[in-house]
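Asker: Sequence first, predicted coordinates after that:
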Amino acid sequence: MRTLCAALTLGAALAVTACAPGSADPVPMAPTGSAVEAAPGPIAVIGDSMALGVNSCSDVGECPAASWALGDDPTVASVSARLAEREGAARSHVWAAKNGGTVADAIRLADKAVAERAGIVLILIGANDVCRPDTAAVTPVADFGAQYTTLIDTVRAGLPDAQIVALSIPDVMRMWDLGRDDPEATARWNASSSCRSLLADPASDAAVDVDRRAGIDETVRGYNAAIAEACEADARCVHDAGAIHALDFTATDISSIDYFHASASGQARVAQVAWETLAQTFDG
């Protein structure tokens, strides 16, 4: 197992709020070269709304074109698009993702990747385990760790030669910090039932709310430690050493539809880190 220990050279964030090709300069693709070490077969993503590009484009809902993993929007430069550029041909796609999906859902979704004999499996899951209707519904760190290990084991049992890429959970506190003083963002959050564990009373500085948010932050960090540990136990798993969690998103990286999901530029930044993580497994 290898981690992303070297400092990443991240492309500048693209100020994009829609997915139309040509709306911004494309992120440069990796140069073509030697083959990837992973087994042949489709590239799969196991994930949640971010994998599906929810609210990353100009319209409400899923926008797979903007997916950091399998999308075809050139302004995002997804992992699959970069891989196709490198290999000279596109691999088929397996969408094992669910809007609102948790790590428990991911275990079931993994069957899709196994059934299609995926050679590369990208995993980004966990935000919905902490973004719950209230703090009592948040998945405990120990339970998350056990379920994530089961997820890795499920993929490995069905796909013994596949390359697994396990990615850290984005910093949800950063998303809250970007919007807490924005009246439009807080109005959207207050009108929504999503992620009340973090976004309830978003402008409040009362001790109870500060402590609640600190608990959410601590939980995400615990999840990320569990992701790293589960990946390290598998010889053909590589993880990002917390690089996605460390991304310092800007306001343009967050969707103006709900101030919660990633915009196309946010998707592009995740794609960059995910690609550099996978690239550690390349020959030469």
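Answerer: Everything's here; your move.

Asker: all strands for the protein, in order.
Answerer: Per DSSP state E, the chain carries strands over the ranges 2-3, 43-47, 93-97, 120-124, 163-166, 237-239.

Asker: From those, pick the one with the highest average neighbour count.
Answerer: Of all these, strand 43-47 carries the top mean neighbour count, a mean of 31, counting by mean count of other Cβ atoms under 10 Å. The C-beta positions use only the backbone N, C-alpha and C, and glycine is treated the same way.

Asker: what's in contact with it?
Answerer: Contacts to strand 43-47, defined as Cβ atoms under 8 Å, 6 or more residues apart in numbering, come from residues 51, 67, 69-70, 79-80, 83, 91-97, 101, 106, 109-110, 112-113, 116, 118-125, 151, 155.

Asker: again, only this time at 6 Å
Answerer: Residues outside strand 43-47 that contact it (Cβ atoms under 6 Å, 6 or more residues apart in numbering): 51, 69-70, 80, 91, 94, 96-97, 106, 109-110, 113, 118, 120-125.

Asker: Let me know the pLDDT of the residue sitting nearest the centre point of the chain.
Answerer: For the chain, the residue nearest the mean C-alpha position is residue 124 (4.1 Å; Cα atoms, centre = their mean). Per-residue confidence (pLDDT) for residue 124: 98.

Asker: mind checking how far it is from residue 82?
Answerer: As for residue 124, its distance to residue 82 is 16 Å (criterion: Cβ to Cβ, to the nearest Å).

Asker: for the protein, which spans come out with low pLDDT?
Answerer: Along the chain, the parts satisfying pLDDT under 70 run over 1-38, 283-284.

Asker: which helix in it runs the most residues?
Answerer: What stands out as the longest helix in the chain, according to DSSP state H, is helix 207-232.

Asker: surely the residue nearest to the centre of the chain meets residue 168?
Answerer: No. Applying Cβ atoms under 6 Å as the test, residue 124 and residue 168 come out as separate, 8.3 Å apart.

Asker: picking that back up, now the strands of the chain as a markdown table including distance to residue 277?
Answerer: Below are the strands of the chain laid out as a markdown table (distance: least, Cβ to Cβ, whole Å):
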| stretch | distance to residue 277 |
| --- | --- |
| strand 2-3 | 9 |
| strand 43-47 | 13 |
| strand 93-97 | 18 |
| strand 120-124 | 9 |
| strand 163-166 | 6 |
| strand 237-239 | 6 |
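
Asker: quick one, which of these is nearest to residue 208?
Answerer: When the strands of the chain are compared by Cβ to Cβ, strand 120-124 sits nearest residue 208, at 31.1 Å.

Asker: Name the residues that touch that closest one?
Answerer: Applying Cβ under 6 Å, 6+ apart, the external contacts of strand 120-124 come out as 38, 43-47, 69, 113, 155, 162-167.

Asker: do the same with stretch 210-218
Answerer: 130, 173, 198.

Asker: what about 7 Å?
Answerer: Applying Cβ atoms under 7 Å, 6 or more residues apart in numbering, the external contacts of stretch 210-218 come out as 130, 135, 172-173, 176, 197-198.

Asker: buried sites along that stretch?
Answerer: Within stretch 210-218, the residues scored as buried using 16 or more other Cβ atoms under 10 Å are 212-213, 216-217.

Asker: before we move on, what about stretch 245-256?
Answerer: Within stretch 245-256, the residues scored as buried using 16+ other Cβ under 10 Å are 245, 247, 249, 252-255.

Asker: any idea how far residue 87 lies from residue 43?
Answerer: 10 Å.

Asker: isn't residue 195 right up against residue 130?
Answerer: No. Assessed by Cβ atoms under 7 Å, residue 195 is found out of contact with residue 130, at 8.2 Å.

Asker: quick one, which of these two is more surrounded?
Answerer: Set side by side, residue 195 and residue 130 give different neighbour counts by other Cβ atoms under 10 Å, the larger being at residue 130 (26 against 20).

Asker: Thanks again, I'm all set now.
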